[in-house]
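**Student:** Okay, predicted coordinates and the sequence, questions at the end:
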Amino acid sequence: MLSIGAILFARFICATILHLSLIEEVNSALMNMKYVLNHHYIFQRPNLAFMISYMHFFVTTATELCNVCIIITSLYPVSIVLNFIAIAIIAEFDNYVYGSMRNEYCKKLIEKNIAEKVLIVHHTTSKRCADDELSDVKDDDGNYRKLKIKFSDRSCG
């Protein structure tokens with residue numbers, strides 16, 4: 001006879017481990033969406049860049065939700081752990097494919113050392129930034145853009 005405590009403990013551990021492993025992916029997607037919103041003029045198609053980051057966020061969140069549903073419906077600790085391992089492998093599959101690429105040009109573009117040089121934050125929504133501070137980026141007219149971006153300054157699109 002299985003104890004309810006063993007089942008609950010297995011559910012808690014598996015859900016917590018997957019949640020902690022996916023936090024960084026969700027945070028990365030949210031930061032990319034914020035970057036696109038604050039630096040829309042850098043992108044040829046900012047809506048597409050935003051949607052790609054949104055899909056990353058949505059798929060990661062959906063993966064975690066599916067994992068929680070599978071864990072909740074499993075009745076035995078062994079099946080809970082096996083289902084968790086299967087979902088964890090699926091969640092990391094994109095990282096495995098990315099790691100297996102060798103000489104892909106697109107991979108080189110998104111590596112951390114290049115991304116840090118290209119994706120520099122020139123605008124912020126921080127409350128620590130004054131409303132009249134200027135960025136080091138000029139607009140189409142040659143004037144410096146504002147450093148602080150307010151929600152009211154953004155368009156609906």
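**Tutor:** Done, it's in. Numbers count the residues shown, from 1 in each chain.
**Student:** Mind pulling up the pLDDT for L18?
**Tutor:** Looking at L18, its pLDDT is 84.
**Student:** Kindly apply the preceding question to K146 instead.
**Tutor:** 68.
**Student:** Tell me how far the residue lying closest to I72 once chain neighbours are set aside lies from I89.
**Tutor:** Excluding the flanking residues, the one nearest I72 by Cβ to Cβ, 6 or more residues apart in numbering is R11, at 6.9 Å. From N, CA and C alone the C-beta is placed, and that goes for glycine too. Using Cβ to Cβ, to the nearest Å, R11 is found at 19 Å from I89.
**Student:** what's the answer for I7, then?
**Tutor:** From I7 over to I89 (counting by Cβ to Cβ), the distance is 22 Å.
**Student:** Counting neighbours, go ahead and name the busier of those two.
**Tutor:** Using other Cβ atoms under 10 Å, the more surrounded residue of I7 and I89 is I7, with 17 against 10.
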